[in-house]
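J.: No sequence on hand, only this structure:
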């Protein structure tokens, strides 16, 4: 007898370990569900890939995760969401729901703001893509969005475990335009930023609501599972979770533990196309 | 012209680095205030000291912090609060407000519970002291408190940065009596436990409200400052904070960064009596 769909794990994928902050929120909010997470670390970062490459990567990864047997696909990566969400939804329409970032946290921010002034901290590529500006305008046309591109913030967060003065200075600099604009709500438009939430809260002031993709996505995943009748109904037990990555598993485990804030356990390597190779004409 | 009292820092003391989780919440909630933190690391841990010793330590530390020029004294240590809060309040009555743990989080938990079933995770010494049982009974006599002594939890958390399987198993074991009792609210009765809040939330289930001394104390400090007209009214600037300890400053800095989750900066060593020495007759 085949495993009923509702007992299958939820699949999540990201270009690396950043999406583990999203998985973290899902593990805390949906403790009974099983999860399988794929980090495409061999082709990380996605930020400087073309939309065509990202679509091809995302479709390849979704095939790989479908073969594992999963009940929902969560794209926890800004670049992949922006480039590949429609293609993924088209490909998987009959088989699997697909949830992406950007819209959930835009919706949450629109609900959270009282003065209509929302801020965004994100990578330059994400700001340039206009994804958040489009989504916020779609869900709340009356909201004004102040966008701050942060070229170094994700790197400074990933670099080491310690929150040092360079990081504090970068955060001060990044938050200043938001304070000047009088925002009362800030979207963290990069999965890394959730790791320094206390520092961001202190810098922005406690009157400012911070909305991360992690918390938004946990609610979105729950809603999707409920809408499709796919909740595990596990009866109070704790779900399992496991990890796949395309790069070095040990490096994923060490770095990932800090992002997940829960025990990571073992990580399995899976092969992907073009790992470590750049398309013709690209500069590494 | 002397510095107006409201521009002085808030003093906080603890037996070691655990109280930094309380300072963390205060720095996020009260970003304009200055703080000075004293960790009595040379005489750590306080758990196996007699009440007389703890009163003598607390009075010595309060003299030391008064000499620094402070406007409020926060005792972020369960053992010191239980043994020395009345003595500190008597000694400092005319000069300084004193805020201790236990009562603030007991009050918060009593407000949070809907079904009247509250749980407590704490060290065996804290459970044995009966401090939480007394406070909860005082603020909400109708509430039933299920207390779980956790002999190893603080040590497993402090041991290293990684959340490993041994810690997960210990958390499962500690939470089981609370789940069996049907609690809807849990007090973290040790400052260390806030560091593994996500793991505790996943284990207890998300319907359970977790109350830490950190969040309770941030509200208490704010209330005390307001009641005494001592808020800094800093106009949106970020306050400064600094650290004193009686033991090795570098060890304090390295360990403390993990507990504070904000940059720690420099740590100054100050001398205390009896550091490293046991009273006659005591076994080390």
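T.: Structure's in. What do you need? Just so it is clear, the model here is predicted, and its values are computed rather than measured.

J.: Any residues of the stretch 101-250 of chain A in contact with chain B? List them.
T.: Residues of the stretch 101-250 of chain A lying close to chain B by CB under 8 Å from any CB of the partner chain are A:161-165, A:167-168, A:198-199, A:201-203, A:205-206, A:236, A:238. For every residue, glycine as well, the C-beta is placed using N, CA and C.

J.: which one among the residues you listed gets closest to residue B:14?
T.: The closest of these to residue B:14 turns out to be residue A:198 (CB to CB; 18.6 Å).

J.: Correct me if wrong: the closest one contacts residue B:218.
T.: No - in this structure residue A:198 lies outside contact range of residue B:218 using CB atoms under 8 Å: 11.8 Å.

J.: quick one on the thing from earlier: quick check: the farthest pair among the residues of the stretch 101-250 of chain A next to chain B?
T.: Taking CB to CB as the measure, those span a maximum distance of 45.4 Å, between A:165 and A:236.

J.: Give the buried subset of the residues of the stretch 101-250 of chain A next to chain B as a PyMOL selection command.
T.: To isolate the buried ones among those in PyMOL, judged by 16 or more other CB atoms under 10 Å in any protein chain shown, type:
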select buried, chain A and resi 163+167+168+198+199+201+202+203+238
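
J.: In helices only, show me the residues of the stretch 101-250 of chain A next to chain B.
T.: A:165, A:167-168, A:198-199, A:201-203 (DSSP state H).

J.: can I get those in CSV with pLDDT?
T.: Converted to CSV, these look like this (pLDDT from 0 to 100):
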residue, pLDDT
A:165, 85
A:167, 92
A:168, 91
A:198, 88
A:199, 91
A:201, 92
A:202, 91
A:203, 93
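
J.: The stretch 1-150 of chain A: helices as residue ranges?
T.: A:20-29, A:51-68, A:78-92, A:103-112, A:124-129, A:131-139 (DSSP state H, counting those that start in this stretch).

J.: Residue A:263 is nearest to which of those helices?
T.: Here helix A:20-29 is closest among the helices of the stretch 1-150 of chain A (CB to CB), at 10.6 Å.

J.: So what angle separates the directions of that closest one and helix B:197-204?
T.: Inter-element angle recorded for helix A:20-29 and helix B:197-204: 40 degrees (by axes from the mean of the first three to the mean of the last three CA atoms, to 10 degrees).

J.: Which strands or helices does helix A:20-29 pack on?
T.: For helix A:20-29, the packing partners by 3 or more CB pairs under 8 Å, 6 or more residues apart in numbering or on different chains; DSSP states H and E come out as strand A:10-14, strand A:35-39, helix A:213-227, helix A:249-260, helix B:197-204.

J.: ranking those by burial, who's on top?
T.: Highest mean neighbour count of the helices and strands packed on helix A:20-29: strand A:10-14, a mean of 26 (counted as mean count of other CB atoms under 10 Å in any protein chain shown).

J.: Counting by contacts, list what that one packs against.
T.: Packed next to strand A:10-14, using 3+ CB pairs under 8 Å, 6+ apart, are helix A:20-29, strand A:35-39, helix A:51-68, strand A:72-75.

J.: gap between that strand and the chain center?
T.: How far strand A:10-14 lies from its chain's middle: 9 Å, per CA atoms, centre = their mean, to the nearest Å.

J.: Quick one: residues in contact with that strand.
T.: With CB atoms under 8 Å, 6 or more residues apart in numbering or on different chains as the contact definition, strand A:10-14 has outside contacts at A:19-20, A:22-23, A:26, A:33-40, A:58, A:61-62, A:65, A:68, A:70-77, A:80, A:191, A:221, A:225.

J.: Show me how far the helix or strand that contains residue A:170 is from its chain's centre.
T.: Residue A:170 belongs to helix A:165-180 when assigned by DSSP states H and E. Taking CA atoms, centre = their mean, one finds the center of helix A:165-180 at 22 Å from the center of the full chain.

J.: what comes up buried for it?
T.: Under the neighbour-count rule (16+ other CB under 10 Å), helix A:165-180 has A:167-168, A:170-171, A:174-175, A:178-179 buried.

J.: ok, so of these, who is nearest chain B?
T.: Distance to chain B across these (CB to the nearest CB) is lowest for residue A:168, with 5.6 Å.

J.: Next, find the distance separating that closest one from residue A:203.
T.: 8 Å (CB to CB, to the nearest Å).

J.: need the contact list for residue A:44.
T.: A:15-16, A:247.

J.: could you redo the last one with a cut-off of 7 Å?
T.: With contact taken as CB atoms under 7 Å, 6 or more residues apart in numbering or on different chains, residue A:44 is in contact with A:15-16.

J.: Residue A:194 too?
T.: A:21, A:188, A:212, A:214.

J.: can you check residue A:33 too?
T.: A:10, A:232, A:239.

J.: Ramachandran angles for the closest residue in space to it that isn't next to it in sequence?
T.: In this structure, residue A:33 finds its nearest non-sequential neighbour in residue A:239, 4.7 Å apart by CB to CB, 6 or more residues apart in numbering or on different chains. When read as degrees, to the nearest 10, the backbone of residue A:239 gives phi -70, psi 170.

J.: cool, and residue A:242?
T.: phi -150, psi 170.

J.: State the distance from the nearest residue to residue A:220 once chain neighbours are set aside to chain B.
T.: Leaving aside its chain neighbours, residue A:220 sits nearest to residue A:104 (4.2 Å; criterion: CB to CB, 6+ apart). For residue A:104, the distance to chain B (CB to the nearest CB, to the nearest Å) stands at 18 Å.

J.: again with residue A:22
T.: 13 Å.

J.: Tell me who's in contact with that residue.
T.: Residues near residue A:22 by CB under 7 Å, 6+ apart: A:12, A:76, A:191, A:213-214, A:217.

J.: ok, now with 10 Å
T.: By CB atoms under 10 Å, 6 or more residues apart in numbering or on different chains, the contact list for residue A:22 reads A:12, A:14, A:37, A:74-77, A:101, A:191, A:194, A:212-218, A:221, A:259.

J.: How about residue A:152?
T.: Residues near residue A:152 by CB under 10 Å, 6+ apart: A:123, A:159, A:166-167, A:170, A:173-174.

J.: likewise residue A:30?
T.: Contacts for residue A:30 (CB under 10 Å, 6+ apart) come out as A:10, A:218-219, A:221-222, A:225, A:231-232, A:234, A:239, B:202, B:206.

J.: same check, this time on residue A:217
T.: Residue A:217 is in contact with A:12, A:19, A:21-23, A:25-26, A:29, A:74-76, A:99-101, A:104-105, A:108, A:191, counting by CB under 10 Å, 6+ apart.

J.: Going through those residues, which ones are buried?
T.: Among the contacts of residue A:217, those classed as buried by 16+ other CB under 10 Å are A:12, A:19, A:21-23, A:25-26, A:29, A:74-76, A:99-101, A:104-105, A:108, A:191.

J.: Flag the shaky bits of the stretch 1-150 of chain A, pLDDT-wise.
T.: Applying pLDDT under 70 to the stretch 1-150 of chain A flags the ranges A:1-2.
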